[in-house]
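Asker: need a 3D model of the sequence below.
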Amino acid sequence: MKLDIELDRENGVPLTDQIVTGVTTWIRSRSAHPGAKLPSIRQFSTDHEVSRFPVIEAYDRLVSLGYLDSRPGSGFYVAERQRNASGAQGSSDPRRAEDEAVHILQQFNHPGESLKLGSGFIPEAWRDMDGLGQAIRHVSRADPTSLVDYATQLGNATLREHLQSRLGQLGIEADASQILITNGASQALDLLMRYMLKAGDMMFVEDPGYYNLYGLLKLHGVKLVGIPRTRSGPDLEVLQAQLRIHRPKLFFVNSLFHNPTGTTIAPPVAFRLLQLAREHDFRIIEDDIYADFQTDVTDRLATLDQLEHVIYVGGLSKTLSSSLRIGYVVADNATIKDLADIKMLTSIGGSRFAEAVAVAMLERGAYRKYLDRLRRRMRDALGAAVQALEASGWEVFETPLGGKFVWARVPHIADSMRLVECGAPLGVTVAPGSYFRPNAEVSPWIRINAAYASDPRAQAFFDAAARLEP
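Answerer: A predicted model of the protein is given here:
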């Protein structure tokens, strides 16, 4: 039996998430009955022409959520009885959490010909396609085994040494053994959630913040408390007030070129945030996936803390390639060892080929030259986007110092869903600000990717939105 599931490799949504979404939709559509057998992992990957790795991870997640039963030696079956997320009476329904996650994943499935003004991706034309092609050919000739073998448990040793050197430039002292390569930063976050949290635990997140993290946390049954993001970082007054009420295990912070506001944590805020982490015994996950967009190095939370209360997450996918999924976690040795074990249990291993290509790009100097061009291009695009928005009567939350995003609003529009509706007939796709809030609260703001703001359709949208009636 072949499942009627469509997988899109171009929309930026990880294949694992698409498979989870497709199977759960199939189960809830009543096309499947309890006890129905699913295609084997091998058969599914053959039918849909994908690697076995995302299928293994998706099936594992579906078992954890209670949609599937795994019968050793027999295969995977639709669960006879849908259990709740934690297996305990009275806890949240996994289908509700999954519905919320599906909503988050689908919101960025843009119409094919639309201008993806709210996208999180760099335009294809800006990527170093020649450099990537040369690196791929080099690896294919020099290391043909990488085309078929798994990566090692921690990831390519040479790549980890390169990352260790790059971390040293940020002032983060870490041994290569403290670095775990992951399938993008998304897998890094998933591993951390599995390792550090259980259903019912409390976690602080930024508001607004990283939408995909919210869906991941809800899948794990974690309770979210939003801490407002100001122009200089998390709102410390609100944070301290919430710490008098709650005892979070973790606080997720996007320190540099914050998604979606484009802001960077100011040094006084960083120092106080670390003091509060020590006083209240919570750990900070520092998301620094936009590090390579920065020209002049500044201290990170992990620089100031040296990995005592901070776990550092980075990646190359936002700059190098969205297809070559390269992320990494930096933490103390005990944490990395446990995360590596979870990684092997849930995904067998990483892509030895992707890791080897990343090494080739770093060693041959192609990546450094590409970053120089990309930074200049993004800096110019950000300046032009802010100028265009303000000339049309929009308000910019803060002029970004780097990165990709501008957080902006039309002052007299209270719900940015109206901006979404305004853009659609103009061929412009944006996401309402509510998608970037922990509980989807209404927001007047939207995220603009400056790389697309020079398109004439963007200017037409800026002008049309400013003319909307209050």
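Asker: going forward, measure contacts and count neighbours with C-alpha atoms only.
Answerer: Fine.
Asker: show me how far stretch 313-327 is from its chain's centre.
Answerer: Its chain's C-alpha centre and that of stretch 313-327 lie 10 Å apart, by C-alpha atoms, centre = their mean, to the nearest Å.
Asker: chain center to stretch 179-192: distance?
Answerer: Per C-alpha atoms, centre = their mean, the centroid offset for stretch 179-192 relative to its chain is 10 Å.
Asker: any weak-confidence spans in this protein?
Answerer: Within the chain, the segments meeting pLDDT under 70 span 11-12, 30-31, 81-112.
Asker: in this protein, which helix has the most residues?
Answerer: helix 366-391 (DSSP state H).
Asker: what's the very next helix or strand once past it packed up against?
Answerer: Going down the chain from helix 366-391, the next helix or strand is strand 395-396, by DSSP states H and E. With contacts defined as 3 or more C-alpha pairs under 8 Å, 6 or more residues apart in numbering; DSSP states H and E, strand 395-396 has these neighbours: helix 366-391, strand 405-409.
Asker: let me know which of the ones you listed is tucked in deepest.
Answerer: Mean neighbour count (mean count of other C-alpha atoms under 10 Å) peaks for strand 405-409 among the helices and strands packed on strand 395-396, with a mean of 27.
Asker: helix or strand next in line after that strand, which one?
Answerer: According to DSSP H and E, the helix or strand after strand 405-409 is helix 417-423.
Asker: with just CA atoms, put that next one into CSV.
Answerer: The C-alpha trace of helix 417-423 is given here as CSV (Å, rounded to 0.1, in the frame of the first residue of the first chain):
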residue,chain,number,x,y,z
MET,A,417,-3.9,39.6,9.2
ARG,A,418,-5.3,42.5,7.2
LEU,A,419,-1.8,43.0,5.7
VAL,A,420,-1.8,39.4,4.7
GLU,A,421,-5.1,39.9,2.9
CYS,A,422,-3.8,43.1,1.3
GLY,A,423,-0.8,41.4,-0.1
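Asker: may I see the buried residues of that helix?
Answerer: M417, L419, V420, E421, C422, G423 (16 or more other C-alpha atoms under 10 Å).
Asker: apart from its chain neighbours, what residue comes closest to L304?
Answerer: Closest residue to L304 apart from its sequence neighbours, by C-alpha to C-alpha, 6 or more residues apart in numbering: F271 at 7.7 Å.
Asker: can you count the residues close to P39?
Answerer: Using other C-alpha atoms under 10 Å, P39 has 16 neighbouring residues.
Asker: my bad, should have said E113
Answerer: Neighbour tally, E113, other C-alpha under 10 Å: 9.
Asker: now the one 3 residues further on
Answerer: Burial of K116, expressed as a neighbour count using other C-alpha under 10 Å, amounts to 25.
Asker: kindly provide the distance from the nearest residue to it once chain neighbours are set aside to L197.
Answerer: Distances taken as C-alpha to C-alpha, 6+ apart put T429 closest to K116, at 5.2 Å, once the chain neighbours are dropped. Distance of T429 to L197, computed by C-alpha to C-alpha, to the nearest Å: 35 Å.
Asker: same thing with Y290?
Answerer: The gap separating Y290 from L197 is 25 Å, by C-alpha to C-alpha.
Asker: higher neighbour count, the two?
Answerer: The residue with more neighbours, out of Y290 and L197, is Y290; 22 against 17, by other C-alpha under 10 Å.
Asker: switch the helices and strands packed on strand 395-396 over to TSV; also include distance to Y214.
Answerer: What follows is the helices and strands packed on strand 395-396, written out as TSV (distance: least, C-alpha to C-alpha, whole Å):
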stretch	distance to Y214
helix 366-391	27
strand 405-409	19
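Asker: for the ones you listed, which one sits closest to K318?
Answerer: K318 lies closest to helix 366-391 among the helices and strands packed on strand 395-396, at 11.4 Å (C-alpha to C-alpha).
Asker: tell me which element the residue nearest to L304 falls in.
Answerer: Counting by DSSP H and E, the element that carries F271 is helix 267-280.
Asker: before we move on, what about I448?
Answerer: Assessed by DSSP H and E, I448 sits inside strand 446-449.
Asker: what's that strand in contact with?
Answerer: The contact list for strand 446-449 (C-alpha atoms under 8 Å, 6 or more residues apart in numbering) reads 117-120, 260-261, 404-409, 416, 430-433.
Asker: also stretch 413-429?
Answerer: 110-111, 113-118, 409, 430-434, 442-446, 457-458, 460-461, 464-465, 468, 470.
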